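Chemist: fold the following, please.
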Amino acid sequence: MCRGSFKYFLPLRIFFFNLSMVILLIIAAIYLGIYYRSNNLLLETVKQQADSYFELIVMTRLWNAQHAGVYVEKTGEVRSNPFLRKLGIEPDIRCQGGKVLTRRNPTAMTMELARIADRKHGLRFKITSLHLLNPANSPDTFELKALRSFQAGETEAWEIEREKGQEPLFRFMKPLYIEEPCLLCHGAAGYRIGDIRGGISVTIPFAKHDQELRTNQLLIFALSATTVGLLIGALFFMTRHLAVKLEGAQERLKQISITDDLTGLRNRRYILERLNEEFKRAKRSSRPLSLIMLDLDHFKRINDEYGHPFGDHVLVTVAERIKAHLRDYDLVGRFGGEEFLVISPEVTVQQSVELAERIRNMVKGKPIALNGIEVTMTISAGLASLSSQDADADALIARSDQALYRAKEQGRDRVVSL
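Modeler: You can find the predicted model right below:
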């Protein structure tokens, strides 16, 4: 038997498996929560960044609108805003000295700021609407979906845009409401204060943040796998240690259950079980089987005269001498009181008689002494060998017991076989 092997402890294996699953689920839940929390914090940070850009643009537009636009010098790259003329507003004015200034309304200013932000930081701003004056500001798929959601009552929209072969982008958009300064340009179109004119979308490069998400994912997976491995490993060794202890205890209990407390020989229950097994095997294979029943002569007198401690010492000594003269495959047990039973498989009647005589002579040949007390013990033996008339092991026991009775009748200290 392999000590500590779970093969012999199915309940422990089930316990180990179930507890491992519980640990796995708990650790997975904890680290999954940490993973989603860290991802959400990162996304929230990016969203707040985009929202800050949006608010900055809105405030800049409001400042522009409050001043009815700002004028810049019209140079080679600075063009007039043709859409102001569509609204009935002349964008250009000529100053003394010949300089021409052109008005930059909030929308035009936002577009120019967006080009600068894109060139320097990769940020993109875009004003768009469901009702456009400039077709160049037509909404893309994300913006169109966001604008429709604003009409339905939503206050913001965002998503991570991933297209094959391109870096990921964080898209963010909020509605743009009509304020009083906006009516200068848009009042003629029927807008009122508080109406949704459109929206401003903010696009932020997300590659760096995406890499952080992937790093977090790998780190969380590595930490969770390490934690689970360490805990399950520790649990395995503790369970294995427990299995070793249980198996050792089980083996000790087994030995206790089949061992005579006093002599250390097999007890009556075990020796009878083995006799039944050997009887069936010998019957099945037609092989010889002998049974010797031994009884210490006048043992009661020893107990009465010298006391039970000395009597126990006599039993232990005799048991050791009997065991010392048996073959490895012979079985001996304490049958009861001062009686012993020897099972000898594959032994003929003559061989069994010779064995019994050796035991008898050995017991008698050397005195037994303890604490100044010394006695010479004799032993009587009744022997029976398996015959075709024996229906079961009890029949063999009965014949050996009868042979022992005859040995007692004939004066003890002898071997009788039937």
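
Chemist: and E167, what does it touch?
Modeler: Contact analysis of E167 by CB atoms under 8 Å, 6 or more residues apart in numbering lists 205-207. Yep, even glycine has a C-beta here, placed from its N, CA and C like the rest.

Chemist: show me which positions of stretch 114-124 end up buried.
Modeler: Using 16 or more other CB atoms under 10 Å as the test for burial, stretch 114-124 gives 114, 117, 123-124.

Chemist: of all the residues you listed, which comes closest to N81?
Modeler: A114 (15.1 Å; CB to CB).

Chemist: that closest one sits in which helix or strand?
Modeler: helix 106-121 (DSSP states H and E).

Chemist: try L84
Modeler: Using DSSP H and E, L84 falls in helix 82-86.

Chemist: where does the residue nearest to R192 when sequence neighbours are not counted land on pLDDT?
Modeler: Of all residues beyond its chain neighbours, the one nearest R192 is I178 (6.6 Å), with distances taken as CB to CB, 6 or more residues apart in numbering. Per-residue pLDDT puts I178 at 77.

Chemist: which stretches of the protein form helices?
Modeler: 10-66, 82-86, 106-121, 141-151, 183-186, 207-258, 268-285, 299-306, 308-324, 349-365, 393-409 (DSSP state H).

Chemist: so where's the stretch 1-150 of the chain uncertain?
Modeler: 1-9, 82-83, 85-88, 133 (pLDDT under 70).

Chemist: try 90
Modeler: 1-25, 27-42, 50, 53-138 (pLDDT under 90).

Chemist: now for A50: which residues touch it?
Modeler: A50 neighbours (CB under 8 Å, 6+ apart): 158, 170, 172, 202, 204.

Chemist: repeat the analysis, applying 7 Å as the threshold.
Modeler: Contact analysis of A50 by CB atoms under 7 Å, 6 or more residues apart in numbering lists 170, 172, 202, 204.

Chemist: same check, this time on R321
Modeler: Counting by CB under 7 Å, 6+ apart, R321 has contacts 362-363.

Chemist: residue ranges with poor pLDDT in the stretch 201-350 of the chain?
Modeler: 204, 206-225, 227-229, 231-257, 325, 327-329, 348-349.

Chemist: coming back round to it: would you list the buried residues of stretch 114-124 in TSV and tack on distance to D394?
Modeler: TSV is the format used below for those (distance: CB to CB, whole Å):
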residue	distance to D394
A114	106
A117	105
L123	100
R124	101
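
Chemist: buried residues in stretch 278-297?
Modeler: 278-279, 282-283, 289-297.

Chemist: also stretch 368-379?
Modeler: Neighbour-count burial for stretch 368-379 [16+ other CB under 10 Å]: 368, 373, 377, 379.

Chemist: what's the answer for stretch 234-242, then?
Modeler: Using 16+ other CB under 10 Å as the burial criterion, the residues of stretch 234-242 that qualify are 239-240.

Chemist: need the CA coordinates for that stretch. CSV is fine.
Modeler: Extracted C-alpha coordinates of stretch 234-242, given in CSV (Å, rounded to 0.1, in the frame of the first residue of the first chain):
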residue,chain,number,x,y,z
ALA,A,234,-0.6,23.9,0.0
LEU,A,235,-4.0,22.2,0.3
PHE,A,236,-2.7,19.2,-1.6
PHE,A,237,0.3,18.8,0.8
MET,A,238,-1.9,19.3,3.9
THR,A,239,-4.5,16.8,2.5
ARG,A,240,-1.7,14.4,1.7
HIS,A,241,-0.3,14.7,5.2
LEU,A,242,-3.8,14.1,6.5
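
Chemist: ok, V228 to K74 distance?
Modeler: The gap separating V228 from K74 is 69 Å, by CB to CB, to the nearest Å.

Chemist: revised request: answer the last question for R287.
Modeler: 124 Å.

Chemist: kindly report the same for L219.
Modeler: Separation of L219 from K74 (CB to CB) stands at 56 Å.

Chemist: who has more neighbours, the two?
Modeler: Using other CB atoms under 10 Å as the criterion, L219 and K74 rank with K74 on top: 17 against 14.

Chemist: and the more buried one, backbone torsions?
Modeler: phi -80, psi 110 (degrees, to the nearest 10).

Chemist: contacting residues for it?
Modeler: By CB under 7 Å, 6+ apart, the residues touching K74 are 80, 92, 100-102.

Chemist: apply 6 Å and report the result again.
Modeler: Contacts for K74 (CB atoms under 6 Å, 6 or more residues apart in numbering) come out as 100, 102.

Chemist: likewise for L42?
Modeler: L42 touches nothing, counting by CB under 6 Å, 6+ apart.

Chemist: one more time with 8 Å, if that's ok
Modeler: 209, 212-213, 216.

Chemist: could you tell me which of those residues count as buried?
Modeler: 209, 213, 216.

Chemist: any idea which of these is closest to M21?
Modeler: For the buried ones among the contacts of L42, the nearest to M21 is N216 (25.7 Å; CB to CB).

Chemist: chain neighbours aside, what residue packs nearest to that closest one?
Modeler: Of all residues not flanking N216 in the chain, S38 sits nearest, at 5.2 Å (CB to CB, 6+ apart).

Chemist: surely the one you found meets L219?
Modeler: No. Using CB atoms under 8 Å, S38 makes no contact with L219, being 9.2 Å away.

Chemist: hang on, the earlier thing: kindly reformat the buried residues of stretch 368-379 as a markdown table containing pLDDT and distance to F54.
Modeler: Compiled in a markdown table, the buried residues of stretch 368-379 are given as follows (pLDDT from 0 to 100; distance: CB to CB, whole Å):
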| residue | pLDDT | distance to F54 |
| --- | --- | --- |
| I368 | 94 | 106 |
| I373 | 92 | 109 |
| M377 | 95 | 109 |
| I379 | 96 | 108 |
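
Chemist: biggest separation within those, which pair?
Modeler: So, those by CB to CB: farthest apart are I373 and I379, at 18.9 Å.
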